[in-house]
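[1] No letters, just coordinates:
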């Protein structure tokens, strides 16, 4: 007998029939002798309808009240799923975020989970109830409702699993698991049986949209092993867990790509302290998200900085940099700006990279043999990223995928 | 400056436009320098839709979960009204039943208000916020959501008014106030400027559907003065308050009628202790609600009991009484049953009745002059009720209304 936390998203509980399906999936676990705590989202579409109703009244509704409004969506879905469980003979009760002991902090509509008091859930588990918990919500120490922002229900599930020391936490979603690459780009991509938190974080942050980073970070922090699997079939998914020695035998866990990137290069920067801060500060102020940063000194003794961003930020970046460049020249620079759109980023991720040399050279060789030019390069402990021409990104992903023996 | 509690029902907040209207009504109070705590119901129709969704899943959904489901309706309406208030420049916050400090006891879907902790509301009032409280709901000491059953939002409003010592509690509804009689029956009926709790209770229990009895009882218990008035116009309504001396100068406050009544008479009951209990017990077991009870001894030394009930209960009553009658005969009786449908009840209510003799004779004389026969008669300290033929009930109400100088 295991204690399992299962998280179902809004699509999985989007209609009465789907709610019944989820009830039946939970019953299968019960029939196998397991205890289940389900964490669910609002019925698909409900949240959007509530938002548009609020916006009919006000263009800029109070975030405090949006939390009160939106959290009602999960309150409805937990009651309905519990009723559906009762209807097929499963002893079940619902719990709102507050009843599940989820205490939040931070701003309304973007709450963080501060602490968990699982006493009510545990009391019900002792009486062998199945418990249906409202995801995406909690209350702050003052008793006010806060929602957790995008991906909040995943976060709730991980937090509940941690607080009750669940044997397994399953994130049931519309993908089968985590793949070595996006199968639409790399047809030979394989589903991974297992991946470490850090690898998933690096893959997620470069565009593999399986889960929000902060849910993975939370799971890592509290050591919650979880499985990403499909709510539509019974196939095993991908286990996300702490890294262990066997994982290091695989050099590269996966390959991911990010399209629609642009590069900005500033040349002729005086080589004195504080210059980078000035440049990056002006971009941050203009809310330009920059990604890769490369910097070096040219033969004239002046520095050059290159960074990448999403193409849609390029105009804002150019505007924001103008006053900064004037300042640089006043400080002895001779600055100019170059921009290049139409590039894309390719990343290889794997904790095995730490103990294997030659990963970069293997990657670059594969790209070179395919006639693909490399632009910028950045590396972290478990990731190597390069930019290439956007039109070559799919080819680039496939040749690198093959080079590291990831193909099925 | 006064502190006012205003209660708005589901019809008053049934659409976005009506929510805006309510916001404007609250703003009028604010503009006059008053502080407002609004207690509101779910948007009209929402509760019914949630019930039918639950019934799609289960014919007999858990009452615990129905409370979780239905309370989401008020959670949505309080957020939307608060957003509407903010939009017209009123500093406002919402509060769920729990946040308003409403602690409940009793069964799910029929909770009772056990205690109130107004500290959060008071904190917001000190900061000059307008507060929008979810009616119809609270949480029990375990933290589970309970709804308060029919008329629960009135109860919430009275309770909140009591806990914050409001200067006035306004129940805004679709009637203008409390009338001396139903204006559809008695065209000369007048709106009462004032009525005592006890008088309203007696009028309510005989069919004047202004408020649920328990809300009036709660108000009486905690001495909360409230006003019943229309949410559709600005006319003053009826103040419901403790009785005071001036009220006694009016002998009869109002007249009310109840149609579709039936009478059951049992004759030949042995005149020994325990017989009434036997008869009434068998009716209670069959869930027959009986209303008037009249009992006396006939010339043969055997007793006769008469009682009235709604016509729809008559069949169930006859069936339930059969075994009881056999028992009565075994104990020395010679029982038989008579029934009469097609009667109605007329009641006169007024605390002035206590200090004025001749009220009954005046009532009976008026009916006699109009050629209306009286059947059963019952009296309480502030009420006289009689039965008449149902086809004469409207005439009866009018002549009594005139006899006691209630006509406009």
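    Looks like it arrived, so ask away. Note that the coordinates shown come from a computational prediction; the quantities given were computed from them, not determined experimentally.
[2] pLDDT score assigned to residue A:209?
    Here, the pLDDT recorded for residue A:209 equals 68.
[3] now swap in the one 5 residues further on and tell me
    Reading off the per-residue confidence, residue A:214 sits at a pLDDT of 89.
[4] Show me what residue A:195 is bridged to.
    Going by DSSP bridges, residue A:195 is paired in beta bridges with residue A:240.
[5] and it, how many neighbours does it have?
    For residue A:195, the neighbour count with other C-beta atoms under 10 Å in any protein chain shown is 28. To be clear about C-beta, it is placed using only N, CA and C from the backbone, and glycine gets the same treatment.
[6] Contacts only, for it.
    With contacts defined as C-beta atoms under 8 Å, 6 or more residues apart in numbering or on different chains, residue A:195 is in contact with A:178, A:203, A:238-241, A:253-254.
[7] Lowest-confidence one in these?
    residue A:203 (85).
[8] now what about whichever strand or helix holds that residue, what contacts it?
    If you go by DSSP states H and E, residue A:203 is part of helix A:197-205. Contacts with helix A:197-205, where a contact means C-beta under 8 Å, 6+ apart, come from A:178, A:195, A:210-213, A:216-217, A:219-220, A:240-243, A:253-254, A:256, A:347, A:349-351, A:380, A:382-383.
[9] Any of the residues you listed buried? List them.
    Neighbour-count burial (16 or more other C-beta atoms under 10 Å in any protein chain shown) applied to these gives A:178, A:195, A:210-212, A:216-217, A:219-220, A:240-241, A:243, A:253-254, A:256, A:347, A:349-351, A:382-383.
[10] Work out for me the element residue A:160 sits within.
    helix A:152-163.
[11] Strand partners (parallel or antiparallel) of the following helix or strand past that helix?
    Counting by DSSP H and E, the element after helix A:152-163 in chain order, helix or strand, is strand A:168-173. Strand A:168-173 pairs in its sheet with strand A:3-8 (parallel), strand A:226-230 (parallel), by DSSP bridges.
[12] Output the ones you listed in a markdown table, with mean neighbour count and mean pLDDT appended to each entry.
    Shown next, in a markdown table, are the strands paired with strand A:168-173 (neighbours: other C-beta atoms under 10 Å in any protein chain shown; pLDDT from 0 to 100):
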| stretch | mean neighbour count | mean pLDDT |
| --- | --- | --- |
| strand A:3-8 | 25 | 97 |
| strand A:226-230 | 22 | 94 |
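[13] now stretch A:285-294: how far from the chain's centre is it?
    19 Å (C-alpha atoms, centre = their mean, to the nearest Å).
[14] residues making contact with it?
    A:258, A:261, A:280, A:283, A:305-310, A:313, A:316-317, A:319-320, A:345, A:376-378, A:385, A:387.
[15] Now for chain A: which helix has the highest residue count?
    helix A:63-87 (DSSP state H).
[16] Please see if that helix touches chain B.
    Yes. Using C-beta under 8 Å from any C-beta of the partner chain, helix A:63-87 comes into contact with chain B via A:64-66, A:68-69, A:71-73, A:75-76, A:78-80, A:82-84, A:86-87.
[17] Pull up the pairing partners for the helix or strand that that helix is followed by, direction included.
    Using DSSP H and E, the next helix or strand after helix A:63-87 towards the C-terminus is strand A:92-95. Take DSSP bridges as the rule and strand A:92-95 pairs in its sheet with strand A:130-134 (parallel).
[18] To residue B:144, which of the strands paired with strand A:168-173 lies closest?
    strand A:3-8 (21.5 Å; C-beta to C-beta).
[19] Okay, buried residues for the following helix or strand past the closest one please.
    Per DSSP H and E, the first helix or strand lying C-terminal to strand A:3-8 is helix A:16-31. Residues A:18-23, A:25-27, A:29-30 are the ones in helix A:16-31 that count as buried (16+ other C-beta under 10 Å).
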